[in-house]
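Participant: everything below, folded, please.
(chains A and B)
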Amino acid sequence: MKKSYKILLASAAVLVAVLFSCVYLDGINVDQKQPDGTFAPAIGGGEVATFVVNGHIERAGNPGDDEAAQGGYSLIFSVLAPKSWNLRDNAQISYRGTVVTTDEDEEHPMFPVPSTEAPKNKSGYTWADALFEKYGVGSNVLNDMEWVTFQSERPYLLENGDKPHFTITVKAKVGKRNERCRLGFFINYSGDGLSTDDRCYKVMYSNPFVVRGYGTLVDYVDPHFNAVTPLASAQNDYVTYSFNGKAYANQLVGQDVYLEAKAYTAEGKVYSVTEKSEKTLMKADAESNGTSRLTIWPAGFFKIPDGETISHIEYVYTNKDRSVVVDKAADDLASGNPVTPGEWFDFELSCGD
Amino acid sequence: MMVLAMFTTSCNDFRDKETPKQFVEAPKDFTGVWQLTTVSRNSIDITDVMDFSQFRLHLNGDNTYTLENKLPFVVMHNGKWGADDPQYPFFLEFQEEGAEYPSRAEILFPVVDGERQIQLTLSPGCASNVYVYLFKRVPSNN
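Facilitator: Numbers count the residues shown, from 1 in each chain, chains lettered A, B, ... in the order given. A predicted model of the protein is given here:
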């Protein structure tokens, strides 16, 4: 009885001494030096932003033979950014710290994880898909973002009780459009690869980060009543206007919603469509999600004469008798932004870069 | 060339089982009146988001074409049309009256329910927006 009890205790001890690394994110910095010398989370379109991520690891358990043979595990680092940044091709990542046992001040590169490599505990997934499944786009409200994952150039071998820290520096060429988003930063290590133990990975999101570029603002941070797709559109495209009735409380809910719009041409003319008819009635999504949409061919919708080109379209959403108008002023009021009374939504017709 | 290979290796598909002697290439006759049956934008079906049903493309036997109830298209005014190759076409070409050069669109000529359709790929607006128009013949009593 005593002997078997001892064996049981020993087995339990082995079970408890499972090796893992607790991973911590201690801070993220997305502030950029501004033209006036101050620091703010904003940058001009197409410029190179620098992000710094600090964290540390607390190791429990000594490496087994497999881990030692590999030289340990690699740091895994993933960034959530707008797809328009094409981060995989436009970022340089490096890391330093006591996790690099040779020299803690030496910068070492991190490289994109090949899309053929699955996280250890999510076989069949790419890192991008696994992180998207787990976190979506974080606290952002538009889906046009992606997780881009990098791995340390070399593995590091940790012993029980080690507490190395790391500093990761991201140099990313941002997109060229006007954008506002919360960047996401995720840290893990190759030996874990998104297990169900959330001590082994961490994620943090930045304050709203602004890119001062061109075109209609793409706001990933706050919900808005309005959305237009595709962002890059000309007057001979089919352009879809959406009214997101669930963004904020409004009085259009439960009523038919109409698009009212004015097209301004480069030649200095204005063409308005104010009728409340089948032509301007927005169609509710089948999913009853509070969103309704209208797709138009701008040149045909506004009857633009040959030779004239629309430069931008101002628009509002109204009910049939126009007793309720949802404009940009209403949207700014609801989202806590500065309000210009009577201001309409504006969509620039441009094919971008 | 791939189209050629397709037709060469699948010639047996054209064997009519009822009349075993029939073994001919279906003629590529584009002339007629065509209407839109499906439309996609950047690989997403947008057929039901707008009324595309009134648009008519008349491809006439004298190589002229006319557009009726216009929608964004390869060209916006009437003119002359042709195919790059009458037997194995990859492109249809449209030249507006008064235009210096023709515009061309990649086409496929699939058979759906025994009927030839024209699938045409175009970017009438921004080059980054790619549309696929699938046309079917307007029934002759229309």
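Participant: where is the longest strand in the chain?
Facilitator: Going with chain A. For chain A, the longest strand by residue count, based on DSSP state E, is strand A:48-60.
Participant: please refer instead to chain B.
Facilitator: For chain B, the strand with the greatest residue count under DSSP E is strand B:32-41.
Participant: and that one, what other elements does it pack with?
Facilitator: With contacts defined as 3 or more C-beta pairs under 8 Å, 6 or more residues apart in numbering or on different chains; DSSP states H and E, strand B:32-41 has these neighbours: strand B:56-59, strand B:131-137. To be clear about C-beta, it is placed using only N, CA and C from the backbone, and glycine gets the same treatment.
Participant: the last one pairs with which strands, and in what direction?
Facilitator: Note on strand B:131-137: by DSSP bridges, its sheet partners are strand B:32-41 (antiparallel), strand B:118-122 (antiparallel).
Participant: next, format these as a markdown table and append mean pLDDT and mean neighbour count.
Facilitator: Listed next are the strands paired with strand B:131-137 as a markdown table, based on pLDDT from 0 to 100; neighbours: other C-beta atoms under 10 Å in any protein chain shown:
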| stretch | mean pLDDT | mean neighbour count |
| --- | --- | --- |
| strand B:32-41 | 97 | 18 |
| strand B:118-122 | 96 | 19 |
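Participant: now render those as CSV, adding distance to residue A:43.
Facilitator: Formatted as CSV, the strands paired with strand B:131-137 follow (distance: least, C-beta to C-beta, whole Å):
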stretch, distance to residue A:43
strand B:32-41, 32
strand B:118-122, 37
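Participant: looking at these, which is nearest to residue A:123?
Facilitator: The closest of the strands paired with strand B:131-137 to residue A:123 is strand B:32-41. By C-beta to C-beta, the value is 33.8 Å.
Participant: next structured bit after the closest one?
Facilitator: strand B:44-45 (DSSP states H and E).
Participant: neighbouring contacts of that following strand?
Facilitator: B:38-39 (C-beta atoms under 8 Å, 6 or more residues apart in numbering or on different chains).
Participant: what about that strand, distance to the chain center?
Facilitator: 18 Å (C-alpha atoms, centre = their mean, to the nearest Å).
Participant: before we move on, the earlier item: turn the helices and strands packed on strand B:32-41 into JSON lines, including mean pLDDT.
Facilitator: JSON lines is the format used below for the helices and strands packed on strand B:32-41 (pLDDT from 0 to 100):
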{"stretch": "strand B:56-59", "mean pLDDT": "96"}
{"stretch": "strand B:131-137", "mean pLDDT": "97"}
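Participant: dump those to CSV, plus mean neighbour count.
Facilitator: Compiled in CSV, those are given as follows (neighbours: other C-beta atoms under 10 Å in any protein chain shown):
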stretch, mean neighbour count
strand B:56-59, 20
strand B:131-137, 19
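Participant: can you name the residue of chain B nearest chain A?
Facilitator: Nearest to chain A in chain B, going by C-beta to the nearest C-beta, is residue B:125, at a distance of 3.1 Å.
Participant: quick one: secondary structure of that residue?
Facilitator: coil (DSSP: H, G, I helix; E, B strand; the rest coil).
Participant: tell me the contacts of it?
Facilitator: A:233-238, A:351, B:72.
Participant: next up, phi/psi of residue 69, please.
Facilitator: I'll assume chain A. As for residue A:69, its main-chain torsions (degrees, to the nearest 10) stand at phi -60, psi -30.
Participant: sorry, should have said chain B
Facilitator: Here residue B:69 shows phi and psi, under degrees, to the nearest 10, equal to phi 50, psi 60.
Participant: residue A:257 is in contact with residue A:319, correct?
Facilitator: Yes - between residue A:319 and residue A:257 there is a contact under C-beta atoms under 8 Å: 7.0 Å.
Participant: more neighbours: which of these two?
Facilitator: residue A:257 (24 against 17; other C-beta atoms under 10 Å in any protein chain shown).
Participant: could you check the pLDDT of that one?
Facilitator: If you check residue A:257, the pLDDT there is 98.
Participant: sounds good, over and out.
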